[in-house]
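K.L.:
Next come a sequence and a model predicted from it.
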Amino acid sequence: MPPALQEAPTRLSSSLHEANNDTGRTAFCGPIVVSAITGYSVSKVESEIRAFRHLDPNSQAAIKGTYTEDVAAALNHYGYDMVRKESYMGLPRKERPALFSNWMHRQRNSWIHYILALHVGKEGHWVVIKGVKVCDTYSDGAWQFVCDWPHRNKRIMEVYEVRKALAV
C-alpha cells in the first residue's frame, strides 16, 4: 500500500485547505491545485504523479507540465473524481470566455471545487476555484478572492468539476 494511504485521510470540512508546499522549492500548478483540494502536501501529490507516470519514486525533482490525466489520477488516488464539464478548445483563443468577466458570473455550485485550465502566456495553467476564491501557484497556494487575483481575465480552455468520490 502506498505510504500516503497509510496515513489518516484528510477530513472534509467547509473550510478551504491552503496548499501545503513542503518541498522547499517552487511547486508548479498541478501539484498545488491537488494539494489545495485534498489537504495533502505537495510532496505527497508529486509522489503520486511520479507513480502514475512510472518515474523513479525516489526522485525529488519538481513535477511540472502536468496533463489532465496526471491531475485526475492524483485526485482519484486521494478519493476525488474529476469530470470535464466544459471545453472551449474548439474556439479561437480570443473567443474563449475570460475567467472573471464571463465564467464567474454564471450560475454554479459554490460548494464544489472547479479546476480550470487557463491560457497564461503560451502555456496552460491550472487553478482551483471554490465559491468566489481561487488558489494557484501565483498566490503561493493561498486562497484569494478572484476579483483581486492578477490573472482574473485569462481565457479558459477547460473546466472540470471535482467532487469527493462516493464509496460503494
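P.N.:
Cool, the structure landed.
K.L.:
buried residues in the lengthiest helix in the chain?
P.N.:
Of all the segments assigned as helix in the chain under DSSP state H, the longest by residue count is helix 42-53. Within helix 42-53, the residues that qualify as buried are 42-50, 52, counting by 16 or more other CB atoms under 10 Å. From N, CA and C alone the C-beta is placed, and that goes for glycine too.
K.L.:
Dump those residues into TSV; add distance to residue 67 and pLDDT as well.
P.N.:
Compiled in TSV, the buried residues of helix 42-53 are given as follows (distance: CB to CB, whole Å; pLDDT from 0 to 100):
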residue	distance to residue 67	pLDDT
42	18	95
43	20	94
44	19	95
45	14	96
46	14	95
47	17	94
48	14	95
49	10	95
50	14	94
52	10	95
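K.L.:
can you tell me which of those residues lies nearest to residue 116?
P.N.:
residue 45 (18.1 Å; CB to CB).
K.L.:
where do the helices sit along this protein?
P.N.:
Taking DSSP H, the helices of the chain run over residues 3-6, 29-38, 42-53, 68-77.
K.L.:
and residue 105, which of the ones you listed is closest to it?
P.N.:
Of all these, helix 29-38 sits nearest to residue 105, with 22.1 Å by CB to CB.
K.L.:
Against which helices or strands is the longest helix of the chain packed?
P.N.:
Counting by 3 or more CB pairs under 8 Å, 6 or more residues apart in numbering; DSSP states H and E, the packing neighbours recorded for helix 42-53 are helix 3-6, helix 29-38, helix 68-77.
K.L.:
And it, how far out from the chain middle?
P.N.:
Its chain's C-alpha centre lies 14 Å from the corresponding centre of helix 42-53 when counted by CA atoms, centre = their mean, to the nearest Å.
K.L.:
lowest confidence element among the helices and strands of the protein?
P.N.:
Among the helical and strand segments of the chain, the one scoring lowest on mean pLDDT, DSSP states H and E is helix 3-6, with a mean of 49.
K.L.:
still on that earlier bit, tell me what angle the longest helix of the chain forms with helix 68-77.
P.N.:
120 degrees (axes from the mean of the first three to the mean of the last three CA atoms, to 10 degrees).
K.L.:
Please tell me how far the residue nearest the centre of the chain sits from residue 71.
P.N.:
In the chain, the C-alpha nearest the mean C-alpha coordinate belongs to residue 33, at 2.8 Å (CA atoms, centre = their mean). In this structure, residue 33 and residue 71 are 7 Å apart, going by CB to CB, to the nearest Å.
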